[in-house]
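Visitor: Pasted the sequence and its predicted model underneath.
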Number of protein chains: 2
Amino acid sequence: MGDNKWSQLWLDYEAKKGAAKNAEEDKLKIDFEGFDPENRVIKSAVKELNKAFTDTDKKIVISFVRNDEIKKEGYSACGVIGGSDNRKVDADTTELVVSSSDENGALYGAFHIIRSKLMGEDLSCLCATKAPSNPLRMMNHWDNMDGSIERGYSGRSFFYENDDIVINERTVDYARLMASIGINGVVINNVNVKWAASDLITTRFFDKVKELSDIFGDYGIKLYLSLNFASPIEIGGLSICDPLDKEVIEWWKNKIKEVYEHLPELGGFLVKADSEGRPGPFTYGRTQADGANMLGDIIAPYGGIIIWRCFVYNCTQDWRDTKTDRARAGYDYFKGLDGEYHDNVILQIKNGPMDFQIREPISPLIGGLTRTNQMLEVQIAQEYTGHQIDLCYLIPMFKEILEFKTYCAEENDTVADVVSGRTMGNSLAGMAAVINTGNDYNWTGNDLAAANLYGFGRLAYDTDLDSEEIAREWVKLTFNLEKELEDKLVDMLLNSREIYEKYTSPLGIGWMVTPGDHYGPSVDGYEYSRWGTYHRADHLGLGVDRTDKGTGYAQQYYPENAQMYNDPKTCPENLLLFFHHIPYTWKLKSGQSLIQYIYDVHFEGYSKAQELLESWKSFEGKVPERTYNCVMHRFEMQVNNAHEWCDQVNSYFYRKSGIPDEKNRPIY
Amino acid sequence: MGDNKWSQLWLDYEAKKGAAKNAEEDKLKIDFEGFDPENRVIKSAVKELNKAFTDTDKKIVISFVRNDEIKKEGYSACGVIGGSDNRKVDADTTELVVSSSDENGALYGAFHIIRSKLMGEDLSCLCATKAPSNPLRMMNHWDNMDGSIERGYSGRSFFYENDDIVINERTVDYARLMASIGINGVVINNVNVKWAASDLITTRFFDKVKELSDIFGDYGIKLYLSLNFASPIEIGGLSICDPLDKEVIEWWKNKIKEVYEHLPELGGFLVKADSEGRPGPFTYGRTQADGANMLGDIIAPYGGIIIWRCFVYNCTQDWRDTKTDRARAGYDYFKGLDGEYHDNVILQIKNGPMDFQIREPISPLIGGLTRTNQMLEVQIAQEYTGHQIDLCYLIPMFKEILEFKTYCAEENDTVADVVSGRTMGNSLAGMAAVINTGNDYNWTGNDLAAANLYGFGRLAYDTDLDSEEIAREWVKLTFNLEKELEDKLVDMLLNSREIYEKYTSPLGIGWMVTPGDHYGPSVDGYEYSRWGTYHRADHLGLGVDRTDKGTGYAQQYYPENAQMYNDPKTCPENLLLFFHHIPYTWKLKSGQSLIQYIYDVHFEGYSKAQELLESWKSFEGKVPERTYNCVMHRFEMQVNNAHEWCDQVNSYFYRKSGIPDEKNRPIY
C-alpha cells in the first residue's frame, strides 16, 4: 500500500485479509443464468468478487440469476443452505444467489456480498432483498479543468490537470467506489462552467470524455456534464443565448446531435442558470422553464435528461432591505411554473432555502411543486460544515431532511417520498450530492469524511437505512476495530453534527462565517453584504422574522408546517432564529434565556470538540498511522476553530446584549 | 496627446500653451558659469527649459551660476531687471539667474522657473531662494516584478512586466516628474522582496537596473533597492541568514561588492525585516541593530546607506489579549537600541504607530529616538484612505504630522525638525512616501490623486509650504481654470481628508475596513483578528484604553504629550477613541453625546461626499473630458462607498448601543 497515491477506502481488501493468508483464487466459482458473462457490468462484478474473495478458506459459488420480477437496479442476495432450491451443494461450500432484473442490480448484489464478507458476516445465512429508493443517485463534482475544485478540501481534482482530462487507474477505482455504494450518475464538471470546461462539448475533449464515460459505464454509472447556458455565445459565436431564438435553438440542435454522436451514453446535462452571475433565460425575459424545456426537447430523442438547478436568488440584495428574503427565492421563482416543465426535465433543489448551512428548514419547493420532476441536492463537500477539518457526519442531517413531512399529499408526503418519485409516481427523481473528494491519498482530506461519501451513496440507494447503521457499516468496512472502539467511533460520528452546530451558529441562524472562505467565525461577516444572509442581531435580540408579519417565508409551506413555523412557541427550537426575531431574554423550553443558551451551547460545543480529540487518542495504534496522524491533526485544528467560534460568538453577543453569563465564564 | 499612453501631469507644456502659438526656440538662451554644460543633470535642466519655453514671445536668458554659499541641492532663482548685476540686458529680454552649489540645485531652480512660468507669473520679478528641508526625499515603490503593485490603485507597474524590467520613454517622464518636485531617491521594488525581485542584486538584472539608475541619475535621483534579508539563503544557497554569522557576513561582502561593481551609483538598500512574516535578525536571536549594522558596515565603503523599516509588531496577536498593544510595538522594539545604529543606517518610521489610518497619533518613536538617524514614512498610495477612488488630499495630514511637537528637545523638536536632521544635526534624515502611481494614463488612477504625488515631493523639499499653497500650485499647473473654479477645486482638496474621516472611522478609532482589501466598511472586520487592530466596542462604549490604566501606550510619549493623551478631557477629540474607551453617553465638547456624534458625523460625511460629486459637475468642459469622466466616475463610487460606511457604522452602533438617533434618520 505504501507506494500508492490513493487509498482503497472501504474496498481495501488487503487490509481486511486475515493474518493467515492461504487463499486460492479458484475457490471462488461464479455462475450465470440469464446474464451474459461478457457484459461489461457483469464483468466488473466478477472482477470485483475475484478481488474480494482471495482469502476465503471455504469454497464459494456465486450465481447471477436474471429475475425480471426484481425491481430495476434492485437485487436479492441470499445464501443457499444445504442444497435447497434444487442445487447441489457441498457441505463445505457456501453457495450464494444474486437475482436481479438487470446488470446494475447484479453489480450491487455483488457489492452487497462483499460488504457482508468484509463485515465478517456468515454468508451462508445472508438473505437480503433490496431495490433502490431513488432512480437517480448522483454525485456532482465541482471540479474545474485547471485542476482546482470549488469548495474542495481534499487536494486537487483527479479528473483534470492543466485544462486537460486525466485518466488512470484512479479513475477506475473511483468508478468502483461509486458503484459499490450504488451511485449511477456522475456530473464530472463544476456547475459554474467556465474557460476550458465550456469546450467539454467540443471535439477538443470528446475522445477523453468518451473514455471516461466508458470507464463509468463498466460500473453502471452514467456520465453527465454541467452545461454553460451561454455556450451559443462562448463557443458558438452567436451574439445571444435566448432559449426562444431560432438560431440559438438550431445551434443547440446541431451541438447536441454532435455531442451524442461522440458520447452516445451521455446521461444528459446539469445546468446552473441565472444564478450568482451565471447566464440564463432571465437575461432575455424568458422563464426558467423556457430554458430547461428548450434543452429538454432537443436532448429527448437521445434519451438524455436536463437537470436544472433551482439555486436562483438575488445575490445583490441591499442589506437594509428587510422585505426581500433570499429564503423565499426558490419558491417564488419556480412554484409558478409548476407543471410547465417537460418530462425529461428535472429540477434539482438544495435541501434548504439558503445554502447548505448546518441546519436549515427543508426547502418549501420540495413537495411544493406537485407536477414537476424534482430531485434533492445535498452537499457532502463540507463548505459550511467544517471544510473536512472539523468532524461532521452529515447522514443524520440527510435523514432528517428525508423524513420531513411536507403535507403535499395525503400519504407518501415526506421529502423521501417526493424525491424518490413515490408521491407523484414519476420515474425521473432522486438525490444528488456535491461530492467531497480530491486527489488526496485518502480521497476526502479527513479520513473520517469518507463516512459522508459512503453514507450518501448508501442512503440514496436505501433511504430506510438509519444513520447509525450506515456509520457502523462504514467503520466496519474501513477499520479493523475491536467492538468498544467501533462503538466509540460510531458515537463520535453520530454526535459530530450537533457538536459542530453547537459551537458555530445554532438555532437555525446559520452563516456568521468568514466571507468567501466559509471556515471559521465572522459574526457580522455576511451581515452587511449583498448575499441575503443576515442575522439582524441588535441590542435586544436576533433572528429573522420570516412569519406572516415578516418576510412571509413561513407561508410558503403547506398549512400544517406554515402554522408550526409561524409561531415561536410551536416552531422547533433548533430553527427558532431562522423564523423569528427573538429577544435575548426569551425563555427557551429548557428554562434558559436565549442569551444564556447562546453562551452555554458555545461553551458546550467547544468542550465537546475537545472531547472528540481526546477520544481519538484511543485510536492510536488501532488505525493505520497515516490515518491516525491525519485525523489527529484535523481534530487539533477543529479544537482551535471551536475555540474561536465559542469566544467570538459569545463575545459578540455579550458586547451587544450587555447581559453577562450566569456562570461567569471568560467572555471578552 | 490623444495617442499617448500616459499624461504629462503638471509638466504638460502643450496644454499650457497660449492660443497664439508663435514660438521660436532660439528665443531662449542659456548661459553657464561654473557649470559644465555637458554635465548630465545640467543637460536635463536645459532640455526641460527648452521644452517648457517654446511659446514665449519674449527673449529669455537663463544663466546657471555656481555659488558655493548656497546650500546643498538649494538654489536661488531670480529675475534680473534692467541690466543690474553688471549684465547687459535688452528691454524686451527677461534675464534669470539660477545660482546653486550643485547640479541638483540648478535642476530644481530650472523647475522653479518652469513652475512660475506655467502659473503665469511675471518671471522678471521672480526672486526665490530655496534649500531642501530634508536631505533624503524618497519615493518607495511597492511594485512587484510580475507587474502587480501591492496596494496599487492605478493599474500595473510601469517598471516591471512578466518578471522583467521595462524601460521606455515613460521611465524618462517618470524621472522628470520626480525631479520637478524635488525627489532625489527612488526605491524601485516592493519592500516585500519575493520571487524574481530577489534576483535584482544578481547578474540576471544588473544591466537593466544600471540603465534605470542612469536615467534617474540624469535627473539627480539615486536608485535604491529593497533587499531580501534572507538573500544568503534564497539566492546564496546558505542555510541561514544570521547577521552575526561569519559565512553570512562574507557572503554579503562579496554580494555588495559585486552589486557596486555593476551599480556604482546605487543609493543603498531599504530593508523590511522581521515584519509580517518577512525574515529578519529575530529569527537568530539578534537585534534589529545587529541586522542593520552588519549591512551598513559592508555597504559603507561604497557610500551606500541602509534604510531599515521600523514596522515590526506581533501580527499573530490573540484578540482576547488586551494587554498586548500593536501601537506600542515600534517603540518597544527600537527605543532600547537608540544609539546603537551605525552612522550610515537610518530608521524609516511610519507616521503613526499603527498603519496609515486616516488619523493616528504621531509615532512616539519619532523624537523618542535621540541618537539614531530617522526618516518619516508616509503613504500617498491610498490604502486605507479611499484607494484613489475617494478624494483624499493628504497634505494637510502630513502637515499636522510635521508640525507635531514631540518635546524631544528644548527647541527644534517638531517632527519636521527631527526627520530633517535639525534636531540632532545629522545629515542622514528625510521623508519617504509609498507612492501612488501605476501605468494608468493619468498615473494615479484618479486624476485628482496626483495632487498627493505632487504635494508630497513639494512638501518634502520645503516643509514650510502650506497645504493650500501646494494644492493651488498643483491646480494651476495641471488645469487651465478660471479663478472661481480654481478656488473651488482647492477647497475640495482641502476638505477631502476630513470628509473621508467623517464617513469612515473618526475620533482616531481607525480600521473598521474590509479585511485584506481595505476599501469599504466592515466594522468588525478586524475586531477578532490576529492583526492587533481592535475597536473594543460593546453595548456601553468603544475605543481602546491606551492610558496608564490600559496598555500604557500613552506613556511612550514625552511627559507633556503623555499627560495630554492620558486624560480624555485633554486628549484631542479627534484621537479620543485611539487613547480611551469611552461610553456612548460621554459628552463631547460640542455637547453631543459620543453616540450622537457618531450618527451625526457619518450622515454629514455622506452628505459632504455627495456635495463633492455635485461640485465636480461644474468642471464639465473646463477640464479635459477624459479627466472629467474619470473623476466623475470615481466620485460616483465614492458616494456609494460613503453611503455604505454611513449606514453600516450607524446601524452597527445603534444595534449595539440601543440608543436611537435624536434626529430620527434612517438607521437599520
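Guide: Right, received. Where do you want to start?
Visitor: Around chain B, which positions in the stretch 201-350 of chain A sit nearby?
Guide: The stretch 201-350 of chain A comes close to chain B at residues A:319-320, A:322, as judged by Cβ under 8 Å from any Cβ of the partner chain. Bear in mind the C-beta positions are built from the backbone N, C-alpha and C, glycine included.
Visitor: mind putting these in TSV, secondary structure included?
Guide: Shown next, in TSV, are those (DSSP: H, G, I helix; E, B strand; the rest coil):
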residue	secondary structure
A:Trp319	coil
A:Arg320	coil
A:Thr322	coil
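Visitor: A:Met564: neighbouring residues, count only.
Guide: A:Met564: 16 surrounding residues under other Cβ atoms under 10 Å in any protein chain shown.
Visitor: returning to what we had before: of the residues of the stretch 201-350 of chain A next to chain B, which is the nearest to chain B?
Guide: A:Arg320 (4.7 Å; Cβ to the nearest Cβ).
Visitor: The residue lying closest to the closest one once chain neighbours are set aside: what's it in contact with?
Guide: Of all residues not flanking A:Arg320 in the chain, B:Tyr668 sits nearest, at 4.7 Å (Cβ to Cβ, 6 or more residues apart in numbering or on different chains). Neighbouring residues of B:Tyr668 by Cβ atoms under 8 Å, 6 or more residues apart in numbering or on different chains: A:319-320, A:322, B:647, B:651, B:654.
Visitor: between these, which is closest to B:His539?
Guide: Using Cβ to Cβ, B:Tyr654 comes nearest to B:His539 of these, at 11.4 Å.
Visitor: Distance check, that closest one against chain A.
Guide: Taking Cβ to the nearest Cβ, to the nearest Å as the measure, B:Tyr654 and chain A are separated by 7 Å.
Visitor: and the angle for the helix or strand where that residue lies with helix A:625-657?
Guide: Taking DSSP states H and E as the criterion, B:Tyr654 maps to helix B:625-657. If you take axes from the mean of the first three to the mean of the last three Cα atoms, to 10 degrees, helix B:625-657 sits at 80 degrees to helix A:625-657.
Visitor: Give me the helix or strand of chain A that scores worst on average pLDDT.
Guide: Taking mean pLDDT, DSSP states H and E as the measure, chain A has helix A:13-16 as its least confident helix or strand, at a mean of 88.
Visitor: Near chain B, which residues of chain A are found?
Guide: A:319-320, A:322, A:521-524, A:528, A:537-540, A:644, A:647-648, A:651-652, A:654-658, A:666, A:668.
Visitor: Buried ones among the residues you listed?
Guide: Among the residues of chain A next to chain B, those classed as buried by 16 or more other Cβ atoms under 10 Å in any protein chain shown are A:319, A:521-524, A:528, A:537-539, A:644, A:647-648, A:651-652, A:654-658, A:668.
Visitor: give me the low-pLDDT residue ranges for the stretch 151-300 of chain A?
Guide: Within the stretch 151-300 of chain A, no range satisfies pLDDT under 70.
Visitor: can you give me the strands for it?
Guide: All strands of the stretch 151-300 of chain A, identified by DSSP state E, counting those that start in this stretch, fall at A:160-161, A:164-165, A:185-187, A:222-227, A:268-271.
Visitor: Same list (those) but as JSON lines, adding mean neighbour count and distance to B:Gln388.
Guide: As requested, those are exported to JSON lines (neighbours: other Cβ atoms under 10 Å in any protein chain shown; distance: least, Cβ to Cβ, whole Å):
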{"stretch": "strand A:160-161", "mean neighbour count": "18", "distance to B:Gln388": "39"}
{"stretch": "strand A:164-165", "mean neighbour count": "18", "distance to B:Gln388": "41"}
{"stretch": "strand A:185-187", "mean neighbour count": "25", "distance to B:Gln388": "44"}
{"stretch": "strand A:222-227", "mean neighbour count": "24", "distance to B:Gln388": "39"}
{"stretch": "strand A:268-271", "mean neighbour count": "26", "distance to B:Gln388": "41"}
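Visitor: Out of the ones you listed, which is closest to B:Gly550?
Guide: Ranking the strands of the stretch 151-300 of chain A by proximity to B:Gly550 (Cβ to Cβ) places strand A:160-161 first, at 54.4 Å.
Visitor: Strand partners (parallel or antiparallel) of the closest one?
Guide: strand A:164-165 (antiparallel) (DSSP bridges).
Visitor: Provide the secondary structure category for A:Thr129.
Guide: Going by three-state DSSP: A:Thr129 is strand.
Visitor: What's the separation between the closest residue to it other than its chain neighbours and chain B?
Guide: Counting by Cβ to Cβ, 6+ apart, A:Thr129 lies nearest to A:Ser76, which is 4.2 Å off, once chain neighbours are set aside. For A:Ser76, the distance to chain B equals 57 Å [Cβ to the nearest Cβ].
Visitor: Remind me what the strand or helix carrying A:Ser76 packs against, helices and strands.
Guide: Using DSSP H and E, A:Ser76 falls within strand A:75-80. Under the contact definition 3 or more Cβ pairs under 8 Å, 6 or more residues apart in numbering or on different chains; DSSP states H and E, strand A:75-80 sits against strand A:93-100, helix A:103-118, strand A:127-130.
Visitor: Flag every buried residue along stretch A:488-505.
Guide: Judged by neighbour count (16+ other Cβ under 10 Å), stretch A:488-505 contains these buried residues: A:488-490, A:492-505.
Visitor: ignore the last one, stretch A:547-565
Guide: A:547, A:550-558, A:561-562, A:564-565.
Visitor: What's the end-to-end length of that stretch?
Guide: 8 Å (Cα to Cα, to the nearest Å).
Visitor: Quick one: residues in contact with that stretch.
Guide: Contacts of stretch A:547-565 (Cβ under 8 Å, 6+ apart): A:322-325, A:327-328, A:331, A:335, A:353, A:361, A:364, A:367-368, A:405-408, A:544-546, A:566-567, A:570-572, A:575, A:579-581.
Visitor: how many other residues sit next to the closest residue to A:Met294 other than its chain neighbours?
Guide: Closest residue to A:Met294 apart from its sequence neighbours, by Cβ to Cβ, 6+ apart: A:Pro243 at 4.1 Å. Close neighbours of A:Pro243, defined as other Cβ under 10 Å, add up to 25.
Visitor: quick revisit: could I get the helices and strands packed on strand A:75-80 in JSON lines, plus columns for mean neighbour count and mean pLDDT?
Guide: Formatted as JSON lines, the helices and strands packed on strand A:75-80 follow (neighbours: other Cβ atoms under 10 Å in any protein chain shown; pLDDT from 0 to 100):
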{"stretch": "strand A:93-100", "mean neighbour count": "24", "mean pLDDT": "95"}
{"stretch": "helix A:103-118", "mean neighbour count": "24", "mean pLDDT": "97"}
{"stretch": "strand A:127-130", "mean neighbour count": "16", "mean pLDDT": "97"}
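Visitor: Quick one: those as TSV, columns for distance to B:Ser63 too.
Guide: Below are the helices and strands packed on strand A:75-80 laid out as TSV (distance: least, Cβ to Cβ, whole Å):
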stretch	distance to B:Ser63
strand A:93-100	106
helix A:103-118	98
strand A:127-130	104
